[in-house]
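Q: next one to model:
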Amino acid sequence: MDRKFVLLISYFLLSLLVKGQTLEKKIADFDTYIAKARQQWQVPGLAVAVVKDGKMIFAKGYGQRKLGNKAEVTPQTLYCIGSTTKAITAAAMGMLVDEGKVDWDDVVTEILPEFQLYDPYVTRALRIRDLFTHNAGLGNADFLWAYNDLTPDEILYQMRFAKPAYPFRGGYTYQNIMYLAAGKVIEKLSGTSWETFVKERIFNPLGMSRSVPLLKDALQQENISTPHHFVKGKITPIEDTSADAIAPAGAIWSSVEDMSKWMTFMLDSARVDNKRLISKETFAELLTPQVLVPSGSFYPTIALTKPHWTTYALGWFQHDYDGRFVSFHTGSLGGTIAIIGLMPDEKIGVYVLGNLDHAEVRHALMYKAFDTFGHKSSGRDWSSEMYDLYQRIRAEAEADQKRILDRKVPGTSPSLAIEEYTGSYFDRYYGKASIEYDNSVLVLKLSSKMKATLKHWHYDTFLGQFEMDWWPPALVKFEIGPFGKVESVQMGSRIFRKNK
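A: Below you'll find the model as predicted:
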């Protein structure tokens, strides 16, 4: 045998061995890093998966599914994936675009004629694309699903009473309700529910057998995580928050093992088993930047990553990192966190799930995965840097809260007898509120899941402490009219007029 050929083969085999050892070492180091970061952030249970070059190279669970329970997190443990659902809804719409049933620039009311917004012009001009890009001029309206008992159709109906927060396509405010509208479009055009569509057209072809679209489905499963929150300074298990009312925006439950299949699919331009589920052109549209996101509306992490640009596509935040294009999204629901990050140039995807409210270790692990398995490593301790950043943000928020509480004026009394603050209150947009006198205290009820005990603060302002004690207290202000009667009650920006 030719000596040069033997040397060439030997060099090739040696390079494969070294490459294998290098990847093995990277995985071991990443594993150790995750375990340490979880402890640093005090997350009861984490699950992490990484895909690279079309394969899942890492998937592991850490810690407990629920504090006080020995059941461990595994790569198959179900968590709510929150707003990382949005990209799946966008992909579902893309399939209908490919079928010729809709175009991204079709007018929404041509498909949903009953859908209205406050401004008639915006109602007429709103396109399918606008449902995905958070720039339709609407403010945040999460109270419609998070604090109310409204059905999906009732939530969409209420949007006609939402006054514009900024000019149509002239700003940016993260907005979940428009994704609910997108889900209704999918339902109308496909003849089946959004949840059935994503199961049959995405979960099943990708082999995502541990993924379900709604909380009510997840509660029937085994190996499911429990959310946790800081309650009076202690990490405590809490009840699940349901996003089923706005399911296309953030209700899916899945595992990191299943989400690795979704990442592989997205990194392979929407192909599975060499079969394309979304056309090349439509797939490109999903990740094409649609709107600029102002730095003040992006993640605080930009203080560390220092991107040159920040955009939003169709269900994806985007920015540049180390000269590479990154598409990512977080998911946050009470006590549960998620993040997905794709770096297509390096064919890297990372997915993180955790069961502690707003544990921003998720960002740290995403960038650590990019560094570890990408073209070069920065060597940065992202967990410590992110921890310091978010501790400062938390301290600033607590200082702001303290400044508000310190402004309490002592020695004041309510203008009226306590019983006179009771009654029914209403706003056309915000809905109903009632205040009752129960066991010598006022009780504010906004829905079956939002109830607060009101204690006098100063003048005609009361401090509301919610039944769900992981919710922060809120100041509730009563307005007394010229004839000495309560006319309205205000909580934050929400004002409810008293029914006569």
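Q: separation between Asp240 and Pro227?
A: 6 Å (CB to CB, to the nearest Å). For every residue, glycine as well, the C-beta is placed using N, CA and C.
Q: okay, and the common contacts of these two?
A: Common neighbours of Asp240 and Pro227 (criterion: CB atoms under 8 Å, 6 or more residues apart in numbering): Cys80, Gly334, Gly335.
Q: from these, which ones fall inside helices?
A: Per DSSP state H, helices hold no members of those.
Q: pick the one among these closest to Pro164.
A: Lowest distance from Pro164 to these (CB to CB) belongs to Gly334, with 28.9 Å.
Q: please name the nearest non-neighbouring residue to the closest one.
A: Counting by CB to CB, 6 or more residues apart in numbering, the nearest residue to Gly334 once its immediate chain neighbours are dropped is Thr241, at 3.7 Å.
Q: between Asp240 and Pro227, who's got more neighbours?
A: Pro227 (24 against 18; other CB atoms under 10 Å).
Q: residue boundaries of the strands in the stretch 1-150 of the chain?
A: For the stretch 1-150 of the chain, the strands defined by DSSP state E, counting those that start in this stretch occupy 45-52, 55-63, 79-80.
Q: returning to that earlier point: how near is the residue nearest to Gly334 to Gly323?
A: 38 Å.
Q: tell me the helices and strands packed up against the helix or strand harbouring Ser327.
A: If you go by DSSP states H and E, Ser327 is part of strand 324-333. On a contact count with 3 or more CB pairs under 8 Å, 6 or more residues apart in numbering; DSSP states H and E, strand 324-333 meets helix 85-98, strand 317-321, strand 336-343, helix 361-373.
Q: note down every partner strand of the second one and its orientation.
A: For strand 317-321, the paired strands and their directions (DSSP bridges) are strand 310-312 (antiparallel), strand 324-333 (antiparallel).
Q: contact partners of that strand?
A: For strand 317-321, contacts defined as CB under 8 Å, 6+ apart pick out 287, 289, 293, 298-299, 302, 305, 307-312, 325-330, 343, 367, 370.
Q: can you rerun that using 7 Å?
A: With CB atoms under 7 Å, 6 or more residues apart in numbering as the test, strand 317-321 has contacts from 289, 305, 307-312, 326-329, 370.
Q: between those, which is nearest Phe426?
A: Checking those against Phe426 with CB to CB, the nearest one is Tyr312 at 35.0 Å.
Q: and the pLDDT at the closest one?
A: Note for Tyr312: predicted pLDDT of 98.
Q: and it, how close does it get to Leu112?
A: 23 Å.
Q: more neighbours: which of the two?
A: Comparing Tyr312 with Leu112 by other CB under 10 Å, the one with more neighbours is Tyr312, at 23 against 16.
Q: for the more buried one, give me its contacts.
A: Residues counted as contacts of Tyr312 (CB under 7 Å, 6+ apart) are Thr133, His134, Gln290, Val291, Val293, Gln318.
Q: bridging residues for the last one?
A: When assigned by DSSP bridges, Gln318 has beta-bridge partners Thr311, Ser327.
Q: can you offset everything so residue one is 20?
A: Understood, numbering begins at 20; the last thing we discussed is Gln337.
Q: roughly how far does it sit from Leu286?
A: According to CB to CB, Gln337 stands 15 Å off from Leu286.
Q: hang on, Ile412 packs against Ala322?
A: No. Shown here, Ile412 and Ala322 do not form a contact pair, counting by CB atoms under 7 Å, at 9.6 Å.
Q: in stretch 343-356, what's buried?
A: Within stretch 343-356, the residues scored as buried using 16 or more other CB atoms under 10 Å are 344-356.
Q: same question, stretch 446-466
A: Tyr448, Tyr449, Gly450, Ala452, Ser453, Ile454, Leu461, Val462, Leu463, Leu465.
Q: Lys235 is in what secondary structure piece?
A: Taking DSSP H and E as the definition, Lys235 sits inside helix 234-237.
Q: tell me the mean pLDDT over that helix?
A: Here the average pLDDT along helix 234-237 is 96.
Q: list the contacts of that helix.
A: With CB under 7 Å, 6+ apart, helix 234-237 has contacts from Leu97, Val231, Ile243, Asp259, Ser261, Asp263, Ala270, Trp272.
Q: helix or strand right after it?
A: strand 247-250.
Q: tell me which strands and helices that next one is in contact with?
A: Contacts defined by 3 or more CB pairs under 7 Å, 6 or more residues apart in numbering; DSSP states H and E place strand 247-250 against strand 253-256.
Q: which elements pack onto the strand it packs on?
A: Judged by 3+ CB pairs under 7 Å, 6+ apart, strand 253-256 is in contact with strand 247-250.
Q: who touches the strand holding Ser346?
A: Contacts for strand 343-352 (CB under 7 Å, 6+ apart): 99-103, 105-106, 260, 262, 269, 306, 332, 334-338, 356-365, 377, 381, 385.
Q: how many residues are close by Ser512?
A: Neighbour tally, Ser512, other CB under 10 Å: 9.
Q: how confident was the prediction at it?
A: Value for Ser512, per-residue pLDDT: 88.
Q: any idea how far it is from Gly158?
A: When Ser512 is compared with Gly158 (using CB to CB), they lie 9 Å apart.
Q: residue contacts, Lys105?
A: Residues near Lys105 by CB under 7 Å, 6+ apart: Tyr198, Ala268, Gly334, His348.
Q: so which of those residues belong to strands?
A: His348 (DSSP state E).
Q: sorry, back to before: now the residue nearest to Gly353, what's its secondary structure?
A: Here Thr260 is recorded as coil under DSSP: H, G, I helix; E, B strand; the rest coil.
Q: so where do the helices sit in the stretch 120-269 of the chain?
A: Using DSSP state H, counting those that start in this stretch, the helices assigned to the stretch 120-269 of the chain run over residues 127-130, 139-144, 162-165, 171-177, 196-209, 213-217, 223-225, 234-237, 266-269.
Q: any chance of those in CSV, plus distance to Gly73 and mean neighbour count?
A: Compiled in CSV, the helices of the stretch 120-269 of the chain are given as follows (distance: least, CB to CB, whole Å; neighbours: other CB atoms under 10 Å):
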stretch, distance to Gly73, mean neighbour count
helix 127-130, 36, 17
helix 139-144, 41, 14
helix 162-165, 37, 21
helix 171-177, 37, 17
helix 196-209, 28, 22
helix 213-217, 23, 21
helix 223-225, 13, 15
helix 234-237, 29, 17
helix 266-269, 28, 26
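Q: least reliable of those helices by average pLDDT, please.
A: Among the helices of the stretch 120-269 of the chain, helix 162-165 has the lowest mean pLDDT, at a mean of 92.
Q: does anything pack onto it? Which helices or strands?
A: If you count contacts as 3+ CB pairs under 7 Å, 6+ apart, helix 162-165 packs onto helix 171-177.
Q: just give me how far the helix it packs on sits from the chain centre.
A: 20 Å (CA atoms, centre = their mean, to the nearest Å).
Q: same question for stretch 207-222.
A: Its chain's C-alpha centre and that of stretch 207-222 lie 21 Å apart, by CA atoms, centre = their mean.
Q: what pLDDT, on average, does the helix or strand hosting Leu323 get?
A: Element membership for Leu323 (DSSP H and E) is helix 321-324. Averaged across helix 321-324, pLDDT comes to 97.
Q: please apply the same query to stretch 146-158.
A: 97.
Q: residues contacting Thr480?
A: Leu494, Val495, Lys496.
Q: actually Leu465, sorry about that
A: Neighbouring residues of Leu465 by CB under 7 Å, 6+ apart: Tyr166, Ala452.
Q: try 10 Å this time
A: Contact analysis of Leu465 by CB atoms under 10 Å, 6 or more residues apart in numbering lists 162, 166-168, 444, 449-453, 471, 485, 510, 513, 515.
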